[in-house]
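>>> sequence? don't have it. structure:
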């Protein structure tokens, strides 16, 4: 089995172990990457990628991709590393390298751009679509509070007499991040 690498931004909160959803033993997938908006097709390069969370297999294809990415990102003024990666993907570099990518569904790998609607499935939450560190910390704190509330309600429901108990849940709005777009940074 090839060595693997999991990379993530510091603003990604793990609620569950992600390896169960990453297909770590699937040797045909070279790169698995989070998305801001998932279009329903895990192979589609039309997904809005997000480089805040990715899992890669170390091989000649991914090494070539990372060499190109890091070679360009330092010479691309005005672009974030994610923009440079997107440019490489849309220019056809994955196909040129024969690289097989899988884009991760926001049901499991959620973020502030697209909240997972299934609290029982969500694995990570990324403070993406946000402009300031303070807003990210505020809203990730709310995510943690929501998660603890859900876990406590689930535990209480498990203790209750058997019935069709449902645990209502909704995420707190990401108000810090939404408001971060209204002010200059």
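Yes, it's here. This is a predicted model, so every value here is computed, not measured.
>>> what residue is smack in the middle of this structure?
residue 34 (3.7 Å; Cα atoms, centre = their mean).
>>> please identify the buried residues of the helix or strand containing it?
Using DSSP states H and E, residue 34 falls within strand 31-37. Residues of strand 31-37 classed as buried: 31, 32, 33, 34, 35, 36 (neighbour count, 16 or more other Cβ atoms under 10 Å). Where C-beta positions appear, they are placed from N, C-alpha and C, glycine not excepted.
>>> wait, what's in contact with the fourth one?
For residue 34, the residues meeting the contact criterion (Cβ atoms under 8 Å, 6 or more residues apart in numbering) are 49, 50, 51, 52, 53, 54, 103, 104, 109, 111, 124, 126.
>>> secondary structure class for the nearest residue to it once chain neighbours are set aside?
In space, and not counting its chain neighbours, residue 34 is closest to residue 53: 4.0 Å by Cβ to Cβ, 6 or more residues apart in numbering. Secondary structure state of residue 53, per DSSP: H, G, I helix; E, B strand; the rest coil, is strand.
>>> surely residue 53 and residue 109 touch.
Yes. Residue 53 lies in contact with residue 109 (Cβ atoms under 8 Å); the separation is 6.2 Å.
>>> and the two? Which one has more around it.
Using other Cβ atoms under 10 Å as the criterion, residue 53 and residue 109 rank with residue 109 on top: 27 against 24.
>>> and the contacts of the lowest-mean-pLDDT helix or strand in the chain?
Least confident helix or strand of the chain, by mean pLDDT, DSSP states H and E, is strand 4-8 with a mean of 89. By Cβ under 8 Å, 6+ apart, the residues outside strand 4-8 that reach it are 18, 22, 24, 52, 53, 54, 55, 56, 57, 58, 124.
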